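Trainee: Model the structure of this input:
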Amino acid sequence: MKRLILFELRKIWNKKLSVISVTAVLFLSALLTFSTYQNMYAFDGRGNEGSGEEAVQIDRSIADKYRGVLTDDKVMQMMADFKITADLHGMNAKYLYHNAMQSAVFARFSDMEGNWNGSSVSDVFGEEEIRVGYINGWLHTSRNFAKIILVLSLVIISMIAPVFSGEYGGVDQIILTSRYGRTKCCAAKVAAGFISSLALTVFVTVFQLSFAVFLYGTEGLDCSILFAPLTFTEGFVPFNITCGTLLAYQTLLALTSAVSVTGVTLLLSALCRNQMISLISSAALQFLPLLLPVSETSALFRLFVLAPIYQSQCFSILSVQQISGNILYAVWAVPVAVALMVSGMIFPPKIFAGHQI
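Mentor: Below is the predicted model of the structure:
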C-alpha cells in the first residue's frame, strides 16, 4: 500500500502544471509580503519619516511607547502627541495617516478637526480589554495570507482534478488494478490527494508566516486586532481577538479549506472522464457560492459561509457572530471539512471502480 501511495504522489507532483502552480504560489506569497513591507509608510510627527524597513521601525517605536492595556489616559496622551498642526482643508481627520498608532486612535477618538471627540475606551469597545502594540505588520500579513489561501485552493484543484479523471482509459491503472486490486489502487489515489493538499497547505503557511516573522518579529501577536489603523476597520474581524489568535484561526481555515476542496475535487474527478471537464467543474463549484444572491443579513448566509470558498477567503466566516465566549463561528468549518473528506474517501473509489475500463 505504501508503494502505491508513493507512486500516486509521484504522479501528482511530477506534472509540470503542479510544479509551475506551486512555484507561482510561493512567488506570489513572497511578492505580496515584500511589496507590502516596502510600501509601508510612517511619520512620527517629529521629523522621522520613512518607508519600508524604516517605517516599520518608526511604527514599532511608537507602539512601544503605548504598549499594554488601552486606557482613557493613553487615549488622551495619543491625541496630544499626534495633535494636528496643519490645515486639513476640510478633510476628515480620521482619514489622515501619519503612522499606524495615530490612524488607529484618530479613527475612533477624533472629531473632524483632529480633536478628542469625547468618547471613552468603554464607549468604543465596551467592556473588552484592548491590548495595544505593534500590529500593523501582522494585520497586513493576515490580509495577504487570505489572498494566498484563496489562490492555493485553485492550485489544489489543478493538482487533484486529474487523479481519477486522468486514469479513465489508461493502461497503467489496468496493470496496477490487476496486481493490487481496485480497492487498494483507489485508496492510494485518495490518500495521495489528501496528503498532497495538506502538505502543500502546511508548507505554504509556514513559508508565509516565517517570512512575516523575519520582517516583523513576534511583537504584537498578543495585541488586539480591534485597535487597528483605519484601513482595517471595515471588512475585517469585528471581535476582540489577538493577532496570534487571528492567524491561528486562519491556519485552521487554510487546512479545512484544503481538505474540503480536495474532497469535492476527488468526487468530481471520479465523476468526470475528462481532465479538463473535471478541472473546470471543480473550479466552478468552488466559486459558485459567491455568485448566489445570499446577503450577509440572510439567515442562509451562516450556512453558505461554511462553503470551501469562504473558508479560503476566511474573513467572511470569521466575521460571523461568535458561538460563545472567544470561540468563533468559524470552528464549524471543521465538521464540514470532515464530512467532505469522508465523502471524498468513500464515493470516488466506488464511482471510479464502477466505471473503470
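Trainee: which residue is nearest the middle of the protein?
Mentor: residue 146 (2.8 Å; C-alpha atoms, centre = their mean).
Trainee: Give me the buried positions along stretch 286-304.
Mentor: For stretch 286-304, a neighbour-count test (16 or more other C-beta atoms under 10 Å) marks 286, 289, 294, 304 as buried. Backbone N, C-alpha and C define where each C-beta goes, glycine included.
Trainee: Now for those residues: which two are most distant?
Mentor: 286 and 294 (16.2 Å; C-beta to C-beta).
Trainee: about what we covered before: test my guess that the residue nearest to the centre of the chain contacts residue 315.
Mentor: Yes: using C-beta atoms under 8 Å, residue 146 makes contact with residue 315 at a distance of 6.1 Å.
Trainee: picking that back up, turn the buried residues of stretch 286-304 into TSV, including pLDDT and distance to residue 83.
Mentor: Shown next, in TSV, are the buried residues of stretch 286-304 (pLDDT from 0 to 100; distance: C-beta to C-beta, whole Å):
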residue	pLDDT	distance to residue 83
286	92	50
289	90	47
294	83	46
304	89	46
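Trainee: so of those residues, which ones are in helices?
Mentor: Counting by DSSP state H, those place 286, 289, 304 in helices.
Trainee: closest to residue 240 among those residues?
Mentor: Of all those, residue 240 sits closest to residue 304, with 25.6 Å by C-beta to C-beta.
Trainee: I figured that closest one hits residue 313, correct?
Mentor: No: the pair residue 304 / residue 313 is not scored as a contact, 11.9 Å apart, by C-beta under 8 Å.
Trainee: Next secondary structure after the longest helix along the chain?
Mentor: The longest helix of the chain (DSSP H) is helix 182-216. Later in the chain than helix 182-216, the nearest helix or strand by DSSP states H and E is helix 243-271.
Trainee: Please enumerate the strands of this structure.
Mentor: 41-43, 49-51, 68-69, 131-132 (DSSP state E).
Trainee: Run me through the strand neighbours of the last one, direction for each.
Mentor: Pointing back at strand 131-132 there. In the sheet, strand 131-132 lines up against strand 68-69 (antiparallel) (DSSP bridges).
Trainee: now do the second one
Mentor: In the sheet containing strand 49-51, its partner strands are strand 41-43 (antiparallel), by DSSP bridges.
Trainee: how about the nearest residue to residue 68, chain neighbours excluded?
Mentor: residue 132 (6.4 Å; C-beta to C-beta, 6 or more residues apart in numbering).
Trainee: Right, I'll leave it there.
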